[in-house]
Each structure stands twice: as C-alpha cells, then as structure tokens.
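*Asks:* Coordinates for the following, if possible.
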Amino acid sequence: MKAGHKQVKRMTGAMRAIHWTNVFSMIIAVTTGLYIAHPYYQTLMADGAVDKYVMAWNRWGHLMVAIIFDVTSVLIAYLFFFSRFEKPYKKVIPNAKNIKEFGAVVINLITLNRKKEFDSTHGDSFNSVYFLIFHLLLGWMLFTGLQMYVQGLGSGQSSIGTWWPSMLHMVTDWTIPVSAWMIGGGSTATLMDVRIVHHITMWLIITWVAFHIYYQVWRTIFWKEGDIAIVVGGSKFVKTND
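*Replies:* Numbering: from 1, shown residues only. This next block holds a predicted model:
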C-alpha cells in the first residue's frame with residue numbers, strides 16, 4: 001500500500017458478483033435484443049437463419065438474461081434497504097446533508113477536481129442517485145419486456161399452467177397505457193408503444209453505462225484513490241491526514 005493512504009472496503013464479494021453478473025447479462029441482453037428488433041447477422045452455416053433457429057436462440061438468450069436480471073434486481077432492492085455493509089437509501093433521501101453533498105460532487109466533476117468538499121471514502125449521494133436511476137430504468141425494462149413476452153402466450157396457456165400468463169398480464173398490462181402516454185400515443189395505446197419505449201430505454205441504459213464507465217475512470221485519474229479497482233478487489237485507497 002502506498003504511504004499516506006489507507007485501504008477502505010467498498011464492495012463485498014456478493015456485491016461484486018452481482019455487478020459482474022449484470023455486466024455480462026447486459027451485454028447479452030443488448031446484442032440479442034438488437035437482433036430481435038432487427039436481425040443484423042446471418043447464420044454462418046450454408047442453410048438460412050430460419051433453418052438454424054437463429055431468432056429462437058436469440059429470444060431464448062434474451063429471456064434467460066432477463067430472468068437473471070429479475071433475480072439480481074430483487075437482491076439489489078433488498079440490499080438497498082437492508083444491507084449490513086452500506087444502506088444506499090440513506091444517501092438518496094433529499095435532506096440538507098445529501099443535497100449539499102450531491103452538489104459538491106457535481107461541482108467537483110465540473111471543475112475537474114479543483115474543488116473537492118466532500119468525503120470520498122464511502123458512497124456519496126451523487127453515485128447513489130445515479131445508481132437508483134439505473135435500477136429504475138432496469139426495472140422498467142423488465143416490466144415492458146415481460147409484457148411483450150406474455151403476448152406470445154395469446155392462448156392463455158403455458159408449459160407450467162394458465163396461472164403464469166395470468167399473473168404476467170396482471171403485473172405488466174399497465175405498461176401499455178403508460179408507454180403510449182410516454183410517446184404521445186394517448187388513447188390509441190398498443191403493444192407497439194411498449195416495443196418502442198422498451199427500445200428507447202435500452203439506449204438510455206447504454207448511455208448511463210457509458211457515463212458510469214467514464215466517471216469511474218475520471219475518479220481514478222483525478223482522485224488517485226484506485227476507484228476503478230473497487231469492482232475487482234472490493235477496496236479503494238484514500239489519503240490519510242497523517
């Protein structure tokens with residue numbers, strides 16, 4: 001360890017496992033989702049893609065990572081409130097302390113670290129709000145995705161019974177009018193509105209990820225506290241006052 005620094009634990013092993021699971025799941029979700037929306041590659045075999053079930057495999061892969069996202073979302077929601085390590089919800093409460101810290105982080109980013117008036121040892125309000133927005137977008141993707149999925153069970157039947165389509169309709173049908181409202185469809189709400197919003201949200205998430213990576217590299221360069229290593233080793237190194 002470099003002299004004048006102390007090691008600070010920022011992510012547990014479980015948190016890092018969830019993070020990297022989401023990373024690889026998102027890569028698969030985006031690549032398969034883009035194919036489902038507009039097939040952009042052909043099978044490498046001589047036979048046509050239709051004979052090799054390329055679309056079917058893409059849809060299967062998309063559904064599998066969606067299920068993984070469902071599981072990790074439940075875990076993340078639980079840890080958001082009940083983690084014994086850190087409780088992120090405390091940082092998103094709009095009280096005077098959090099608002100001041102949020103503003104200080106934004107100013108630090110804008111001024112390229114010329115002004116740093118907050119403690120970067122632990123999670124700050126800016127990152128907590130930023131990740132909350134990401135998980136809300138991800139939750140919206142899951143609901144709209146399941147709404148499109150259940151439309152494929154038009155008969156009301158599934159391999160595990162009628163309860164499955166019924167439950168999905170009950171928890172996702174609201175996304176149709178909401179999607180129509182979001183894109184100005186009004187009273188003519190259709191499943192296509194859900195498809196469009198689902199696709200737009202994907203690009204919002206990709207934009208979020210791009211800024212997330214940029215910001216972590218930015219913090220590593222300017223703060224010199226090893227923030228980029230948190231998702232690998234779980235720790236960062238902050239300067240001491242000694």
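
*Asks:* List the residue ranges of this protein that fall below the pLDDT cut-off.
*Replies:* Within the chain, the ranges that satisfy pLDDT under 70 run 1-2, 43-51, 186, 241-242.

*Asks:* Let me see the ranges of the helices in it.
*Replies:* 13-37, 54-82, 89-92, 96-110, 125-150, 163-172, 175-182, 191-223, 230-233 (DSSP state H).

*Asks:* For Ala3, which of these is the nearest?
*Replies:* helix 191-223 (17.2 Å; CB to CB). Bear in mind the C-beta positions are built from the backbone N, C-alpha and C, glycine included.

*Asks:* Now for Val8: which residues touch it?
*Replies:* Contact analysis of Val8 by CB atoms under 8 Å, 6 or more residues apart in numbering lists Thr121, His122, Ser235, Lys236, Phe237, Val238.

*Asks:* Oh, that last question was meant for Thr175, not what I typed.
*Replies:* So Thr175 contacts Phe143, Thr144, Gln147, Val194, Val197 (CB under 8 Å, 6+ apart).

*Asks:* make it 7 Å
*Replies:* Phe143, Thr144, Gln147, Val194 (CB atoms under 7 Å, 6 or more residues apart in numbering).

*Asks:* Using JSON lines, lay out these together with neighbour count.
*Replies:* Compiled in JSON lines, the contacts of Thr175 are given as follows (neighbours: other CB atoms under 10 Å):
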{"residue": "Phe143", "neighbour count": "18"}
{"residue": "Thr144", "neighbour count": "24"}
{"residue": "Gln147", "neighbour count": "22"}
{"residue": "Val194", "neighbour count": "26"}
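
*Asks:* and of these, the nearest to His5?
*Replies:* Taking the contacts of Thr175 together and measuring to His5 by CB to CB, the closest member is Phe143, at 43.8 Å.

*Asks:* For Trp140, grab the count of nearby residues.
*Replies:* If you count neighbours by other CB atoms under 10 Å, Trp140 ends up with 19.

*Asks:* how near is it to Phe69?
*Replies:* Trp140 sits 12 Å away from Phe69, going by CB to CB, to the nearest Å.

*Asks:* This structure - how does it break down into domains?
*Replies:* For the chain, automatic domain parsing gives the domain ranges 10-87, 93-234.

*Asks:* a markdown table for these, including distance to Ala3?
*Replies:* Shown next, in a markdown table, are the domains of the chain (distance: least, CB to CB, whole Å):
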| stretch | distance to Ala3 |
| --- | --- |
| domain 10-87 | 21 |
| domain 93-234 | 13 |
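
*Asks:* So for Gly4, which of the ones you listed sits nearest?
*Replies:* That would be domain 93-234 among the domains of the chain, by CB to CB, at 10.9 Å.

*Asks:* how close does the residue nearest to Gly185 when sequence neighbours are not counted sit to Tyr214?
*Replies:* Nearest residue to Gly185 in three dimensions, chain neighbours excluded: Asp193, at 4.8 Å (CB to CB, 6 or more residues apart in numbering). Noted for Asp193: a distance of 32 Å to Tyr214, by CB to CB.

*Asks:* likewise Ser120?
*Replies:* From Ser120 to Tyr214 the distance is 17 Å (CB to CB).

*Asks:* and the two? which has more neighbours close in?
*Replies:* Taking neighbours as other CB under 10 Å, Ser120 and Tyr214 compare with Ser120 leading, 18 against 10.

*Asks:* That one is in contact with Trp223, isn't it?
*Replies:* Yes - applying CB atoms under 7 Å as the test, Ser120 and Trp223 come out as touching, 6.0 Å apart.

*Asks:* Can you say which of the contacts of Val8 are buried?
*Replies:* Ser235, Lys236, Phe237, Val238 (16 or more other CB atoms under 10 Å).
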